[in-house]
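Asks: coords below, sequence missing:
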């Protein structure tokens, strides 16, 4: 069988962006997810894919609960950076955020969120690098009916956001067909937080990022980056 | 535990719209899906939720393969109607369409599609009303890199499209909190194809549909509907 995958085709699948949290008041954590989907209507059951290396994955397995916060379109990069590019093993991602605790005790982030939901895990499926958790909806609350949700396409195209390596949709730059024979490109480091932007692994070279682009981890300006 | 679900919160989850097909040259069929998503990157594995009452569900179980066509934003209502509101048990949905057959023999609809993908089922999970099929990507082809994909939000808000009852995201009107105490509303029938628009079961009353709204099944004008 001839296998021929154009990874650019995969970018045409539509996703939102969410903060998925688990744990309890003592040990809570979350990560940025684009894979939260409803799979049945009666009862309302949803699926979420979570990389096994995420600390949240361990917490979901232990506690059997998770929450989903649907982010608004103008969510600040530093919130996404906090949940998407740093590990909760090293610091408390929920500290100083507007977090409430659901009926199940799960932490639910309310910052930049237009709707929040709470789930009890009813099934889980080992998918190799990721766990696919299936949760039954326990609570759902609309926080703002007017604001638009942040989509993954908007995050990538308008906000020039990046996919962390742990994302189910992460695509190594070498797999994008048009870019197969390119030279080595620049690597920059954020002077404030140490975040590395390696142009070889991203869709766009550091030099081509817009001037108002900011560090996805700490929100520093583009000019605060140092070439290494 | 107090359970409180505001179903309007669920509308804030972002989805695309796809034609999912299965079978082979002799018996092929497809349905409209909004739940196609990537769950791992290495290898690229995807999930798709399919109502057990869909004829395509049976075909996926038998053949172990399925295809996904990512629809463009200006997809015509009659194509969606053909795949979303009629059963393939009664007629050949693929007839007279631009269908190609993949490496696995699965039919792939190319009409109104900006990208097409082909999968081999590696796992399946019984979710009650639906089967969740997990497929490994065999082929992916970008047909048009410029056109935007049709999102479920655009289909609902701009095109005033409806969710079929078999959809994972179908919400019975009675569950939308603001509309809990409403009177019985009108029911209209398409004079051309017999499609029933029951305002009681939809987000919007027939009378409030825009003048350029057309029958989701056959494309007839709004004025061709008869009150019953």
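Replies: Thanks, I have the structure now. From a predicted model like this one, the values you see are computed outputs, not experimental measurements. Numbering: from 1, shown residues only, chains lettered A, B, ... in the order given.
Asks: next one: phi and psi at the residue nearest the centre of chain A?
Replies: With distances taken as Cα atoms, centre = their mean, residue A:32 lies nearest the centre of chain A, 2.3 Å away. With angles defined as degrees, to the nearest 10, residue A:32 sits at phi -90, psi 130.
Asks: Ok, residue A:186 next?
Replies: Phi and psi for residue A:186, reported as degrees, to the nearest 10, are phi -70, psi 160.
Asks: sorry, back to before: pretty sure the residue nearest to the centre of chain A contacts residue A:86?
Replies: No. Applying Cβ atoms under 8 Å as the test, residue A:32 and residue A:86 come out as separate, 10.5 Å apart. Yep, even glycine has a C-beta here, placed from its N, CA and C like the rest.
Asks: Find residues that contact each of these two.
Replies: Shared contacts of residue A:32 and residue A:86 (Cβ atoms under 8 Å, 6 or more residues apart in numbering or on different chains): none.
Asks: Report the beta-bridge partners for the residue nearest to the centre of chain A.
Replies: With DSSP bridges as the criterion, residue A:32 is bridged to residue A:19.
Asks: which residues does it contact?
Replies: A:17-20, A:80, A:83-84, A:164, A:167.
Asks: swap in residue A:196?
Replies: A:187-190, A:228.
Asks: same thing but 7 Å
Replies: Residue A:196 makes contacts with A:187, A:189, as judged by Cβ atoms under 7 Å, 6 or more residues apart in numbering or on different chains.
Asks: Also residue A:97?
Replies: Per Cβ under 7 Å, 6+ apart, neighbours of residue A:97: A:109, A:111.
Asks: for the one 5 residues further on, same thing?
Replies: Residues near residue A:102 by Cβ under 7 Å, 6+ apart: A:67, A:108, A:118, A:139.
Asks: what's the closest of these to chain B?
Replies: residue A:139 (5.5 Å; Cβ to the nearest Cβ).
Asks: Give the pairing partners of the strand or helix carrying the closest one; include direction for each.
Replies: For residue A:139, the element it lies in under DSSP states H and E is strand A:130-142. Sheet pairing here is set by DSSP bridges, and for strand A:130-142 it gives strand A:45-51 (antiparallel), strand A:113-126 (antiparallel), strand B:4-5 (parallel).
Asks: List the contacts of that strand.
Replies: A:43-52, A:57, A:60, A:66, A:102-104, A:115-125, A:168, B:3-6, B:8-10, B:39-40, B:47.
Asks: May I see the PyMOL selection of the buried members of the residues you listed?
Replies: The buried residues among the contacts of strand A:130-142 can be selected in PyMOL (16 or more other Cβ atoms under 10 Å in any protein chain shown) with this line:
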select buried, (chain A and resi 44+45+46+47+48+49+50+51+57+60+66+102+104+115+116+117+118+119+120+121+124+125+168) or (chain B and resi 5+6+8+9+10+39+40+47)
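Asks: what about chain A, any weak spots by pLDDT?
Replies: The model of chain A has pLDDT under 70 over residues A:1-2, A:173-184.
Asks: Show me where it has its helices.
Replies: Counting by DSSP state H, the segments of chain A that form helices are A:55-63, A:77-84, A:152-157.
Asks: Mind putting these into TSV with distance to residue B:194?
Replies: Formatted as TSV, the helices of chain A follow (distance: least, Cβ to Cβ, whole Å):
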stretch	distance to residue B:194
helix A:55-63	47
helix A:77-84	49
helix A:152-157	38
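Asks: Please produce TSV containing these, extended by distance to chain B.
Replies: Formatted as TSV, the helices of chain A follow (distance: least, Cβ to the nearest Cβ, whole Å):
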stretch	distance to chain B
helix A:55-63	13
helix A:77-84	15
helix A:152-157	8
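Asks: Point out the most buried one among the ones you listed.
Replies: helix A:77-84 (a mean of 22; mean count of other Cβ atoms under 10 Å in any protein chain shown).
Asks: quick one, that helix and strand A:113-126 angle?
Replies: Orientation check (axes from the mean of the first three to the mean of the last three Cα atoms, to 10 degrees): helix A:77-84 against strand A:113-126 gives 20 degrees.
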